[in-house]
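Mind looking at a prediction? Sequence and model below.
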Amino acid sequence: MITISLNNHPKTLSPNTSLSEALAEWEFSDGKIAVAINQEFVPRSTYRERILMNGDQIDIVKPVGGG
Amino acid sequence: MENDFLLYGEHFSSRFLLGTALYASPQLMRDAITQSRCEIVTLGLRRQNPTEKSGDAFWQLIQESGCRLLPNTAGCKSVKEAVTLAEMSREIFNTDWIKLEVVGDDYNLQPDPFGLLEASEILIKKGFKVLPYCTDDLILCKRLLDVGCEVLMPWGAPIGTGQGLLNRYSLKTLRERIKDVPMIIDAGLGAPSQATEAMEMGFDGILLNTAVAKAHNPPLMAEAFADAIDAGRKAFKAGLIQKRQTASPSTPTIGQPFWHQ
């Protein structure tokens, strides 16, 4: 298993899990979200090919009110 | 209503940009947007638990408003954070407009001019249309124009303070020295009269959030600001008189009764 950080909370995953598989596991799949890994933006078109690595810091954001 | 408010090639009839945070309910936000007559709303991105569905209602109401979206990079303290959040915003909101914020100090949330300039240059090269939340520093504003910003958004006062136009000299100088670029007073206003004053000074628009969202009656306050902004714009276009020290009678003095030499 690998350990990653999801929105600053530790999570474990099987090795060689893709970002799209992880999003499905975390029930993010159908949401209006955007993703960054290790502070780098990850385009939606690359979710399937992006394999998560041990120690990755993943940020998933959704729209909120803002000024 | 006039339609000469031009931002990055798009015409708007409303000069009021409204924030979507801090309302007691999504319905109050919706009603405030309606009463404000605004055509542009700001919004943000934050981490959220996937099982937390409350954000869905917010997003639904924002879409129904039909307003143009202006996502922000609020809270970002580095160039890297701001650039990454802007890229996430572009994908999620399908717009290359970004209200760029790079915070330089936690106490007054003052924009970091150096980070703001660097992030603006990076994002413009990536195809973004940057609307920078900046201080009223003339040289910073000129540098932001140099790197390709076509709109400037100087603060009136620190975010959420409601203090109005704290530095009239700097703001008047900005307007005097930068005549042909749209400038929107962003943040710090608390009363419609302050918005009127900014518009009378020749600023092109007003962006605010807290003064409406935290009012006892946000929709009514939104309408009050909309009217105030319209009034200030009309006054600017009409041309204010010069202030003078001595009184000058408005009623004719010729023919004054009861006067005998």
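Alright, I've got the coordinates.

Show me which residues of the stretch 151-261 of chain B are close to chain A?
B:159, B:187, B:207-210 (Cβ under 8 Å from any Cβ of the partner chain). Any C-beta I mention is one placed from the backbone N, CA and C, and that applies to glycine too.

Between the residues you listed, which sits nearest chain A?
B:N209 (3.4 Å; Cβ to the nearest Cβ).

excluding its backbone neighbours, what's nearest B:E223?
Spatial nearest neighbour of B:E223, excluding adjacent residues (Cβ to Cβ, 6 or more residues apart in numbering or on different chains): B:Q35 at 4.2 Å.

Same question for B:M88.
Using Cβ to Cβ, 6+ apart, the closest residue to B:M88 is A:A34 (3.6 Å).

Bridged to the one you found, which residues?
A:V61 (DSSP bridges).

Report how many residues lie close to it.
Close neighbours of A:A34, defined as other Cβ atoms under 10 Å in any protein chain shown, add up to 23.

So it sits against B:N94, correct?
No - the criterion here is Cβ atoms under 8 Å, and A:A34 misses it with B:N94 at 11.1 Å.

which SSE is the most centrally placed residue in chain A in?
Nearest to the mean C-alpha position of chain A, by Cα atoms, centre = their mean, lies A:I58 at 4.9 Å. Assigned by DSSP states H and E, A:I58 belongs to strand A:57-65.

other SSEs contacting that strand?
strand A:2-6, helix A:19-25, strand A:34-37, strand B:40-47, helix B:54-65, helix B:79-93 (3 or more Cβ pairs under 8 Å, 6 or more residues apart in numbering or on different chains; DSSP states H and E).

How about the residues of chain A by chain B?
A:7-8, A:26-28, A:31-36, A:39-41, A:43-44, A:59-67.

Buried subset of these, written for PyMOL?
PyMOL command restricting those to the buried ones, with burial defined by 16 or more other Cβ atoms under 10 Å in any protein chain shown:
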select buried, chain A and resi 7+26+28+31+33+34+35+36+41+59+60+61+62+63+64+65+66+67
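
List the contacts of A:V35.
A:19, A:23, A:41-42, A:44, A:47, A:58-61, B:88 (Cβ atoms under 8 Å, 6 or more residues apart in numbering or on different chains).

Over in chain B, which residue gets nearest chain A? Let me know.
Closest point on chain B to chain A, by Cβ to the nearest Cβ, is B:G44, at 2.8 Å.

How about residue 64, nearest residue that isn't a chain neighbour?
Just going to use chain A. Using Cβ to Cβ, 6+ apart, the closest residue to A:V64 is B:R46 (4.6 Å).

nope, chain B please
B:R30 (7.5 Å).

One more: B:S36?
That would be B:A222: by Cβ to Cβ, 6+ apart, it lies 3.8 Å from B:S36.

and what of B:L6?
Per Cβ to Cβ, 6+ apart, closest to B:L6 is B:P182, 6.7 Å.

Number of residues surrounding the one you found?
Around B:P182 there are 19 other residues, counting by other Cβ under 10 Å.

I'd like to know how far it sits from A:K32.
B:P182 sits 30 Å away from A:K32, taking Cβ to Cβ, to the nearest Å as the criterion.

And for A:V42?
15 Å.

Next: B:A191.
Applying Cβ to Cβ to B:A191 and A:K32 gives a distance of 36 Å.

B:A213 too?
Applying Cβ to Cβ to B:A213 and A:K32 gives a distance of 23 Å.

what does B:Q163 give?
In terms of Cβ to Cβ, B:Q163 sits 36 Å off from A:K32.

for B:C76, same thing?
Counting by Cβ to Cβ, the gap from B:C76 to A:K32 is 20 Å.

all helices for the stretch 1-150 of chain B, in order.
B:26-36, B:54-65, B:79-93, B:113-125, B:138-146 (DSSP state H, counting those that start in this stretch).

Could I get those helices in TSV, plus columns for distance to B:R15?
Output for the helices of the stretch 1-150 of chain B, formatted as TSV (distance: least, Cβ to Cβ, whole Å):
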stretch	distance to B:R15
helix B:26-36	11
helix B:54-65	17
helix B:79-93	22
helix B:113-125	23
helix B:138-146	19
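
Can I get these in a markdown table including mean neighbour count?
Formatted as a markdown table, the helices of the stretch 1-150 of chain B follow (neighbours: other Cβ atoms under 10 Å in any protein chain shown):
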| stretch | mean neighbour count |
| --- | --- |
| helix B:26-36 | 20 |
| helix B:54-65 | 15 |
| helix B:79-93 | 22 |
| helix B:113-125 | 20 |
| helix B:138-146 | 17 |
